[in-house]
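Visitor: Generate a structure from the sequence data that follows.
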Amino acid sequence: MRQIWITEAGAPEVLAVKEAPDPVAGPGEVRIRVKAVGVNFADLMSRLGLYPDAPPVPCVVGYEVAGIVDQVGDGVTRAEVGGRVIAMPKFGGYTDTLVVKEALVFRMPEAMPFEEGAAMPVTYLTAFMMMMHMGYLRPKSTVLIHSAAGGVGIAAIQLAKLRNCTIIGLASKSKHDFLRSIGVQHALENVEDYAPLVRAIVGDNGVDLILDPVGGKSWSDGYELLGPCGRLCAYGISSTAAGKTRNLMHAARQLAAIPKYTPRTLMEDNKTISGCNMAHLYSRLDILSPQFDELLEMYVRGEVKPHVDRAFSFDEAAQAHHYIHDRKAVGKVVLVP
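Guide: Residues are numbered from 1 along each chain as shown. Below you'll find the predicted structure:
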């Protein structure tokens, strides 16, 4: 098999393709010949050495793949040889041959391309968890979505549209026409001082739900924008990554800027702060699996659809990471063996 390894912490060029023997499916496991791998910002943070959950370097990362089952272990009932599937490994997904527990495997809709299958688990589960569970997205809410043209952002936009929400999307100006085309009523420049731009739209009513992967000062500004009973969902700290190489001083400054709230503060303000980290929910498949099953049903009904920007070959993994760092991506980037 071929795998993409993070050989050391650093720029995208530290990614290297290496050969290894094919793994064998054991009891309760499924082996997949991978056709597409989803790339997430957590992968970039892992490569920078700034993602605390990542395995020690050198390592293979990757949370989501789509492919064809070619071997099943004893006792497997959720998958069969020849089946088209989506799988959610906890790391190890940057490979062309993957062995994973059958509980992490889902049957892929027949009409779904492999690239879309690999683009769906992390982003759509993150958006669904934040909006439908933690954020309690009421119909006709006002929703502020950071990084709105990214994978999670587009998933969140599609879910918000289903509830007739007013959507405010933050993104680079070059992506505003795209955001408007998929239903964002207010596309705003993704600048550090974004709060006055949002306040000019929502006034004193504030925002009902904010999805923020930036962290630092952005969380403080977002909290102030919340209206009564407003919810801020944090799902990343991308502000700690200053560029394509690690800057520990910058990361420390961003972490120091994270606001601190007490239960009394939240009580008096009638506001809610929650956090979502999919990597910490793999032990609760009783929560994740029904949500992903529902999302796949929504895909079949045409209610949600991943937007795949570009597919890079394994040999172009460094270019794929550069593409995301340079904020060129609209939607998901995937890797294909």
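
Visitor: Could you use CA atoms for every contact and neighbour count after this?
Guide: OK.

Visitor: which residues in the stretch 101-250 of the chain form helices?
Guide: Under the criterion DSSP state H, counting those that start in this stretch, helices of the stretch 101-250 of the chain are mapped to 114-118, 121-128, 151-162, 176-181, 195-202, 217-225, 248-256.

Visitor: centre of the chain versus the shortest one, how much separation?
Guide: Distance of helix 114-118 from its chain centroid, counting by C-alpha atoms, centre = their mean, to the nearest Å, is 14 Å.

Visitor: Out of the helices of the stretch 101-250 of the chain, which gets nearest to Gly135?
Guide: With C-alpha to C-alpha, the closest approach to Gly135 among the helices of the stretch 101-250 of the chain belongs to helix 121-128: 9.3 Å.

Visitor: got the angle between the closest one and helix 151-162?
Guide: Angle of helix 121-128 versus helix 151-162, following axes from the mean of the first three to the mean of the last three C-alpha atoms, to 10 degrees, is 40 degrees.

Visitor: Can you tell me which helices and strands helix 121-128 packs against?
Guide: Applying 3 or more C-alpha pairs under 8 Å, 6 or more residues apart in numbering; DSSP states H and E, one finds that helix 121-128 makes contact with helix 151-162, helix 285-300.

Visitor: what are the C-alpha coordinates of it, in PDB please?
Guide: The C-alpha trace of helix 121-128 is given here as PDB (Å, rounded to 0.1, in the frame of the first residue of the first chain):
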ATOM      1  CA  PRO A 121     -18.000  12.700   7.300                       C
ATOM      2  CA  VAL A 122     -16.000  15.300   9.300                       C
ATOM      3  CA  THR A 123     -17.500  18.500   7.900                       C
ATOM      4  CA  TYR A 124     -21.100  17.500   7.900                       C
ATOM      5  CA  LEU A 125     -21.000  15.700  11.200                       C
ATOM      6  CA  THR A 126     -19.300  18.800  12.700                       C
ATOM      7  CA  ALA A 127     -21.900  21.100  11.300                       C
ATOM      8  CA  PHE A 128     -24.800  18.800  12.200                       C
END
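
Visitor: Show residues contacting that helix.
Guide: By C-alpha atoms under 8 Å, 6 or more residues apart in numbering, the surrounding residues in contact with helix 121-128 are 40, 63-64, 88, 151-153, 155-156, 159, 235, 276-278, 288, 291-292, 295.

Visitor: Just the buried subset of those residues, please.
Guide: By neighbour count, with 16 or more other C-alpha atoms under 10 Å, the contacts of helix 121-128 hold 40, 63-64, 88, 151-153, 155-156, 159, 235, 276, 278, 288, 291-292, 295 as buried.

Visitor: Point out where the chain drops to low pLDDT.
Guide: Scanning the chain for pLDDT under 70 picks out nothing.

Visitor: quick one, domains of it?
Guide: Per the record, the chain has its domains at 2-120+306-336, 122-279, by automatic domain parsing.
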